Every structure is written in C-alpha cells, then in structure tokens.
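Q: Predicted model and sequence follow; I will ask about them next.
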Amino acid sequence: VLTKDNNQTENVHLFACKRFLNVAARTPNRMVYGELGRYPLQINCYIRVIKYWFRLLKMDPERLPNQAYHMLRSLDSCGKCNWVSSVRSLLQSVGFGYVWLAQGVTRENCFLREFKQRLTDVFRQDWMAGINSSERFIQYRKFKLVLEPEKYLDSIRQKCFRDALVRLRLGISDINVHKNRYKRNDQLALNNCPFCPEVENEFHLCFRCHMYDDIRPSVMKNVEPHQESIQFARLMSSKDAGTIRKTAWFLFKASELRKRAVDAVGQ
Ligand SMILES: [Zn+2]
C-alpha cells in the first residue's frame, strides 16, 4: 500500500521537494526523499484513517456513522470492496492484522505511535532496497546511508553553491558521465573530460583534472587513486559545515570554469 506511486498528494509533495532542491522533475524520487529525509505524506493520511476508525468503533450504536460502519463491515466480509476493506488491508499489510480482528486496541495513543513507527520503517526499508538495487544509485549509495535530512541543507546559505553540491550528489551535474548516463555503450568516448584524455567522472573532477588545480581545496588535494572512492564518499557524507562549504564552493567554481572553457572552445 505504501509504495503506491500514483498518488496525487504525493505527486504534489514531491513536486514541492524538487522545487526546493532546484532539481528537474525527472530526478529520482528516492534521492529527493533521501536528501531531505522526508517520508510520504500518505503516512499521515493512514494515521488519520486509523484515528477515525477508532472513533467509529467507540461511537454510540444509535449514530448513523457507526451503523454505516457495521454495514460496510458486513459487506467487506462478503467480499465487497469498500472503505472498511482498505482499513483492514492497511492494518494487515503492516503486521497489525490482530488489531483488525480485535476491532480496536485498549491504548490508542500508544498504538498510533507504534503504527506510525511501523509505516516509516516499512518505507525506509523500501527506500533502502531501491537504492541498493538500481544501477542509477551506484555512486549515491556509497555516501547516502541513512534516510535523514542532509547537513548541507542548513549549512550552505548561498543557493548557487548548494545547487552545485546537489547536482553532483544526485548525478545530474554537467560532467560527462552524468550528461551521457543513458547514451549507448559505443558512444562512451563522449564521457571523456573536455580538457584531458580521461573519463570525466566525479573523481576526475574532484581530485584529478588539472583544469581545477588552482581552486581545489585542501580536502581534495593529494588523494591517491585507490583512495578516491573512499575520500569522495567521506566528502559527500561529511557533517562538518566547513568541509561541506568548501566542497560546494569548489563545485560551483569548477562548473563555472568548465562552462566558460567549453564555450570558448565551441566558438
Ligand atoms: Zn580533465
């Protein structure tokens, strides 16, 4: 139930999150949830559904909503799908089938907390499984280990620096391995750096390309080739505001420099 994508509220939520991060609509949703540490709004809806269900159960049998509930419940038990069926399958889908059978719990607030925790756990597991199973996240999963808001969101004030960092993290920057991600294999030469005969990937940009030697901060200097992957993950998962700012500043300056140089060559 939780991973259903065709949900309008969630589309609006994701749209707002993508606007906030300043990324294109086609950016993978998992990355957007990941960077912001957010969960689907649907979880709140489910909690309200269960709260309302508790209210119905306690209602005076004289009252119409309670009578309607019992009517729907008997229809559901004959196999007719209705609102009550969704309450039942919601509870069953996250391991609370016994609450359905008992038609309620004794300590509601306690249960609601547990229920919310279960829903977020289920989502987090699904998020993690998605990150680990797709090629698209091969770089991302090396540094994004926990579904929580990233430190850079509140430690970088200037938007252009933050954008440059977001773009590299999510694999949507201007470097050729990002731009040509979906090109065919026989066009792999396109992935070369515009300035040197090496593949232009994250490591080349951050640690190797001589084009950016003058602006490269010390955290990116003198990194041995076999250390690049680990140092890159370290930089991207850093919680230190100074390191984050230096990295973002470098990425912004490098993208400016690259743009200018590529334009100059093209003319
Ligand atoms: Zn280069």
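A: Yes, it's here. Source: prediction; values computed, not measured. Numbering: from 1, shown residues only.
Q: make it CA atoms for all contacts and neighbour counts henceforth
A: OK.
Q: Can you name the residues that contact Arg30?
A: Neighbouring residues of Arg30 by C-alpha atoms under 8 Å, 6 or more residues apart in numbering: Trp127, Gly130, Ile131.
Q: which element is the nearest residue to the second one once chain neighbours are set aside on?
A: Using C-alpha to C-alpha, 6 or more residues apart in numbering and skipping the chain neighbours, the partner closest in space to Gly130 is Arg30 (7.6 Å). For Arg30, the element it lies in under DSSP states H and E is helix 29-36.
Q: how far out from the middle of the chain is that helix?
A: Remark: helix 29-36 is offset 1 Å from the chain centroid, using C-alpha atoms, centre = their mean, to the nearest Å.
Q: what do you get for stretch 69-83?
A: 37 Å.
Q: As PDB, could you dump the C-alpha coordinates of it?
A: What follows is stretch 69-83 as a C-alpha-only set of coordinates in PDB (Å, rounded to 0.1, in the frame of the first residue of the first chain):
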ATOM      1  CA  TYR A  69     -19.500   1.300   9.600                       C
ATOM      2  CA  HIS A  70     -21.100  -2.000  10.600                       C
ATOM      3  CA  MET A  71     -23.000  -2.300   7.300                       C
ATOM      4  CA  LEU A  72     -19.700  -1.700   5.400                       C
ATOM      5  CA  ARG A  73     -18.000  -4.300   7.500                       C
ATOM      6  CA  SER A  74     -20.500  -7.000   6.800                       C
ATOM      7  CA  LEU A  75     -20.300  -6.100   3.100                       C
ATOM      8  CA  ASP A  76     -16.500  -6.400   3.300                       C
ATOM      9  CA  SER A  77     -16.800  -9.800   5.000                       C
ATOM     10  CA  CYS A  78     -18.900 -11.000   2.000                       C
ATOM     11  CA  GLY A  79     -16.000  -9.900  -0.300                       C
ATOM     12  CA  LYS A  80     -17.300  -6.500  -1.400                       C
ATOM     13  CA  CYS A  81     -14.500  -3.900  -1.500                       C
ATOM     14  CA  ASN A  82     -15.200  -0.600   0.300                       C
ATOM     15  CA  TRP A  83     -13.600   1.800   2.800                       C
END
